[in-house]
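>>> Curious how this folds, go ahead:
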Amino acid sequence: MSAFPGLVPDASVDGVAHLIQTALTPVFMLSGIGTLLNMFNTRLARVSDHIETVRDKLENADDKSSTDSVLLLRRLTHLHYRTLLLDASILFAGVGGASACGSAFALFMGSVRDASIAWWLVLMFGNALVCTVIALAMFLGDSLVAWHGLRVTTFLPHKQDMLNNIVD
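Residues are numbered from 1 along each chain as shown. This is a model prediction of the structure:
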């Protein structure tokens, strides 16, 4: 006789332990996705701060057609592109997290009700994996755009300017 009649098909200690182990796999993935979401949101906040700084500089510029203003407008466009990539990262990570939760729920319900849930698991957990990969690809895109922006439209002083300041 089962210790949990009607609830868990294999109510042995090994069966229940396997149920718990299986249900925790998507939860660990969800924890990783939560960490990624925190990182993506922090990065987006930093980019938003940069956008505000560039807009303030543009508003305070005396000559809107000067080279500095043109560079600031290019920088603003560049930062806007980064926000789109980070927004996509957050969106896909959120969907991946929801899918990981759905797969954990499907695993639990399938074990409790002894229902056939294999296709739900493949759909939910597969979607969680695909969305997480897409979120990471979008984040990589943001990183590449950020690195390219530092090299092309940098506001950092050039080496010669730094050497001149040291000599003076």
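
>>> Please state the backbone phi and psi of Ala61?
Backbone geometry at Ala61, expressed as degrees, to the nearest 10, gives phi -70, psi 140.

>>> for the protein, what spans make up the helices?
Listed in chain order, the helices of the chain (DSSP state H) span residues 13-59, 67-113, 118-152, 159-167.

>>> is it possible to export those helices to a markdown table including mean neighbour count and mean pLDDT?
The C-beta positions use only the backbone N, C-alpha and C, and glycine is treated the same way. Written out in a markdown table, the entries for the helices of the chain read as follows (neighbours: other C-beta atoms under 10 Å; pLDDT from 0 to 100):
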| stretch | mean neighbour count | mean pLDDT |
| --- | --- | --- |
| helix 13-59 | 15 | 86 |
| helix 67-113 | 18 | 85 |
| helix 118-152 | 16 | 83 |
| helix 159-167 | 9 | 50 |
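
>>> what's the spacing between the spatially closest residue to Gly149 that is not a sequence neighbour and Gly32?
Take Gly149 and drop its neighbours on the chain: the residue closest to it by C-beta to C-beta, 6 or more residues apart in numbering is His78, 4.8 Å away. Between His78 and Gly32 the distance, using C-beta to C-beta, to the nearest Å, works out to 29 Å.

>>> what does Leu107 give?
Distance check for Leu107 against Gly32: by C-beta to C-beta, it reads 17 Å.

>>> and what of Ala146?
23 Å.
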